[in-house]
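**Q** my questions concern the predicted model and sequence given below.
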Amino acid sequence: MFENLSAEMLARVQFAFTISFHIIFPAFSIGLASYLAVLNALWLKTNDEIYLTLFNYWKKIFAVAFGMGVVSGIVMSYQFGTNWSVFADKTGPILGPLMAYEVLSAFFLEAGFLGIMLFGRERVGNGLHMFATAMVAFGTLMSATWILSVNSWMQTPAGYSINDIGQFVPEDWWLIVFNPSFPYRLVHMVLAAYLTTALVVGGVGALHILRNRKDASARRMFSMAMWMLVLVAPIQIFAGDLHGLNTLEHQPAKVMAMEGHFESHPDGAPLILFGMPNSKEQRVDYAIEIPKLSSLILKHDLNAPLAGLDTIPKADHPPVAIVFWSFRVMVGLGFAMLGLGIWSLWRRFRGTLYEGAWLQRAAIVMGPMGFVAVLAGWVTTEVGRQPFTVYGLLRTSDSLAPIAAPAVAASLTAFIIVYFFVFGAGTFYLLRMMNKPAGTAHLGLRDGPIRSAGITPVMQSNSDNQPKA
């Protein structure tokens with residue numbers, strides 16, 4: 001299956017495969033941890049049992065997703081020593097400490113308070129339990145901060161020097177951590193995680209509303225998710241625009257590939273909506289474009305000149321077709337999220353948020369689209385950085401360990417088999433958990449006891465020998 005691929009391409013495919021599995025779990029757990037903190041705080045403030053029901057429901061899902069994220073992340077670190085040992089050697093003095101800080105601060109914070117959040121409410125009291133829940137949420141954000149700092153430094157390296165043996169060594173840790181692209185990429189990723197979680201919560205709520213429109217827990221989670229879309233999706237689009245401007249400044253080739261600009265445009269560049277990038281002929285075939293709109297977006301001037309890939313050596317071009325299409329998937333889904341939020345806002349003002357079926361069906365369809373958007377964004381970022389691992393300084397071809405293609409092919413095959421079996425089973429289990437309603441206490445006793453989310457009402461008998469909670 002992989003006999004015609006080089007060791008470098010196989011190693012790249014292997015890392016792309018493992019990180020694609022890994023990133024969907026942190027993207028979910030970052031947002032879900034914050035959602036749990038909000039639910040717990042609202043329950044403590046209002047004493048509304050629906051918030052407690054939702055907290056107990058989603059904390060179990062969080063525990064499984066968190067565990068799958070940890071397991072899938074461990075594998076990637078080993079690949080630095082096996083497939084990418086030259087990269088690890090050259091960047092280790094900078095990236096090694098940053099990765100260690102993530103483990104020593106963020107991961108230990110999450111792991112240390114996770115058990116209290118999951119099992120400790122009755123043992124430590126509501127106050128300390130709330131603190132533990134907040135620390136888990138804070139830990140997930142800190143983890144994202146360190147990881148994004150590492151990746152951003154590879155995109156926009158700063159604060160370093162190169163020693164006599166070709167290693168990147170730190171000169172200014174402040175510049176290394178807070179490199180030029182880091183603030184934009186951190187905000188963009190955290191907002192993406194919140195949107196991803198909102199879509200999942202909204203999709204689950206919509207599913208149970210369609211099954212039972214009087215399900216108060218489903219209605220509450222659906223309402224909260226739609227508010228999140230309304231508030232965060234516009235901010236994300238604005239943050240994405242700022243991130244694009246930063247990328248144009250520091251990684252112009254990536255933006256050229258995203259826009260499909262093979263040629264320079266001295267009098268204003270068009271926005272190519274769709275087309276078929278043709279790297280061999282250096283053009284976009286069948287292009288559907290809006291004249292000068294790309295210059296307006298990127299330079300805020302219709303007639304601003306924009307350079308194209310014809311100004312960059314062909315050996316330094318990223319794979320244009322992949323970057324071009326992944327960028328459009330990400331942007332298209334971002335506007336779809338905004339559209340769903342506006343639709344829900346219109347229905348909310350009309351007092352029909354839970355009526356009809358089309359809004360709920362759309363929310364179910366959009367449920368997994370946050371993960372797709374995150375993956376598309378990471379493909380745009382990582383493939384757009386090629387052919388470098390450290391942008392402009394260290395080529396991917398010079399980062400590879402001295403390994404043979406058959407060895408990488410064998411490990412890649414093993415990864416594919418094991419990942420689809422293990423994480424396929426884990427994902428199936430998560431979906432089964434989401435398929436169960438969060439609670440049915442509001443429906444009355446005729447609907448039977450609450451069994452989902454580990455909640456079972458205490459049944460008593462009244463004088464008429466009828467059960468009541």
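**A** Happy to help now that I have it.
**Q** pLDDT (mean, whole number) over stretch 234-243?
**A** For stretch 234-243, mean pLDDT is 93.
**Q** and that stretch, what's buried?
**A** For stretch 234-243, a neighbour-count test (16 or more other CB atoms under 10 Å) marks Q236, A239, G240, H243 as buried. Yep, even glycine has a C-beta here, placed from its N, CA and C like the rest.
**Q** kindly report the same for stretch 416-424.
**A** Buried-residue list, stretch 416-424, by 16+ other CB under 10 Å: Y419, F423.
**Q** just give me the closest of the buried residues of stretch 234-243 to A41.
**A** Q236 (23.7 Å; CB to CB).
**Q** name the nearest residue to the closest one, ignoring sequence neighbours.
**A** L191 (4.4 Å; CB to CB, 6 or more residues apart in numbering).
**Q** so that neighbour is in which element?
**A** Element membership for L191, per DSSP states H and E: helix 182-211.
**Q** same check on P97?
**A** helix 85-101.
**Q** mind saving the C-alpha coords of that helix as CSV?
**A** Coordinates of each C-alpha in helix 85-101 appear next as CSV, following Å, rounded to 0.1, in the frame of the first residue of the first chain:
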residue,chain,number,x,y,z
SER,A,85,15.3,12.6,15.6
VAL,A,86,17.2,15.2,13.7
PHE,A,87,14.4,17.7,14.3
ALA,A,88,14.4,16.8,17.9
ASP,A,89,18.1,17.3,18.2
LYS,A,90,18.2,20.7,16.5
THR,A,91,15.1,22.2,18.2
GLY,A,92,15.4,20.3,21.6
PRO,A,93,17.0,23.1,23.5
ILE,A,94,14.0,25.3,22.8
LEU,A,95,11.0,23.0,22.3
GLY,A,96,12.1,20.5,25.0
PRO,A,97,11.6,22.9,28.0
LEU,A,98,8.3,24.2,26.5
MET,A,99,6.9,20.7,26.3
ALA,A,100,8.2,20.0,29.8
TYR,A,101,6.4,23.1,31.2
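**Q** now do the next helix or strand after it: which elements does it pack against?
**A** Downstream of helix 85-101, the next assigned helix or strand under DSSP H and E is helix 108-119. Where contact means 3 or more CB pairs under 8 Å, 6 or more residues apart in numbering; DSSP states H and E, helix 108-119 is packed against helix 49-82, helix 126-155.
**Q** okay, now L175: neighbour count?
**A** 15 (other CB atoms under 10 Å).
**Q** my bad, S397
**A** 12.
**Q** quick check: the nearest residue to F138 once chain neighbours are set aside vs A137, distance?
**A** Leaving aside its sequence neighbours, F138 sits nearest to L109 (CB to CB, 6+ apart; 6.8 Å). L109 is 10 Å from A137, where distance means CB to CB, to the nearest Å.
**Q** same thing with P437?
**A** 25 Å.
**Q** of these two, which one has the most company?
**A** Neighbours were counted for P437 and for A137 using other CB under 10 Å; A137 has more, 24 against 21.
**Q** surely the more buried one is in contact with S34?
**A** Yes: counting by CB atoms under 8 Å, A137 does reach S34; the two are 4.7 Å apart.
**Q** what about the closest residue to V408 other than its chain neighbours, which helix or strand?
**A** Spatial nearest neighbour of V408, excluding adjacent residues (CB to CB, 6+ apart): L10 at 4.0 Å. In this structure, L10 is located in helix 7-46 according to DSSP H and E.
**Q** buried sites along that helix?
**A** Per 16+ other CB under 10 Å, helix 7-46 contains these buried residues: 7-8, 10-15, 18-40, 42-43.
**Q** tell me the contacts of the residue nearest to Q236?
**A** V232, I235, Q236, A239 (CB atoms under 8 Å, 6 or more residues apart in numbering).
**Q** now with 10 Å, please.
**A** G31, V232, A233, I235, Q236, I237, F238, A239, G240 (CB atoms under 10 Å, 6 or more residues apart in numbering).
**Q** now do L340
**A** L340 neighbours (CB under 10 Å, 6+ apart): 198-199, 202, 225-226, 229-230, 233, 359, 362-363, 365-366, 369.
**Q** starting at the chain centroid, how far to stretch 352-369?
**A** 22 Å (CA atoms, centre = their mean, to the nearest Å).
**Q** end-to-end on that stretch?
**A** 24 Å (CA to CA, to the nearest Å).
**Q** buried set for that stretch?
**A** L353, Y354, L359, Q360, A362, A363, I364, M366, G367, M369.
**Q** again, but for stretch 305-318
**A** L306, A307, G308, L309, H317, P318.
**Q** closest to M130 among those residues?
**A** Out of these, the member with the shortest distance to M130 (by CB to CB) is P318, at 46.2 Å.
**Q** wait, doesn't that closest one sit right on A253?
**A** Yes: the criterion here is CB atoms under 10 Å, and P318 meets it with A253 at 6.0 Å.
**Q** between the two, which contacts overlap?
**A** Both P318 and A253 are in contact with L309, I312, G384, R385, Q386, P387, F388, where contact means CB under 10 Å, 6+ apart.
**Q** need those residues in JSON lines (columns: secondary structure, pLDDT and distance to R347).
**A** As requested, these are exported to JSON lines (DSSP: H, G, I helix; E, B strand; the rest coil; pLDDT from 0 to 100; distance: CB to CB, whole Å):
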{"residue": "L309", "secondary structure": "helix", "pLDDT": "92", "distance to R347": "45"}
{"residue": "I312", "secondary structure": "coil", "pLDDT": "91", "distance to R347": "48"}
{"residue": "G384", "secondary structure": "helix", "pLDDT": "92", "distance to R347": "38"}
{"residue": "R385", "secondary structure": "helix", "pLDDT": "93", "distance to R347": "42"}
{"residue": "Q386", "secondary structure": "coil", "pLDDT": "91", "distance to R347": "44"}
{"residue": "P387", "secondary structure": "coil", "pLDDT": "93", "distance to R347": "48"}
{"residue": "F388", "secondary structure": "strand", "pLDDT": "93", "distance to R347": "47"}
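**Q** just send those back as TSV, with distance to L400 too.
**A** Converted to TSV, those look like this (distance: CB to CB, whole Å):
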residue	distance to L400
L309	25
I312	23
G384	20
R385	16
Q386	13
P387	12
F388	13
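**Q** from these, pick the one nearest F335.
**A** Taking the shared contacts of P318 and A253 together and measuring to F335 by CB to CB, the closest member is G384, at 20.5 Å.
**Q** tell me the SS of the spatially closest residue to that closest one that is not a sequence neighbour?
**A** Once flanking residues are discounted, G384 sits nearest to K254: 3.6 Å by CB to CB, 6+ apart. Following DSSP: H, G, I helix; E, B strand; the rest coil, the label given to K254 is helix.
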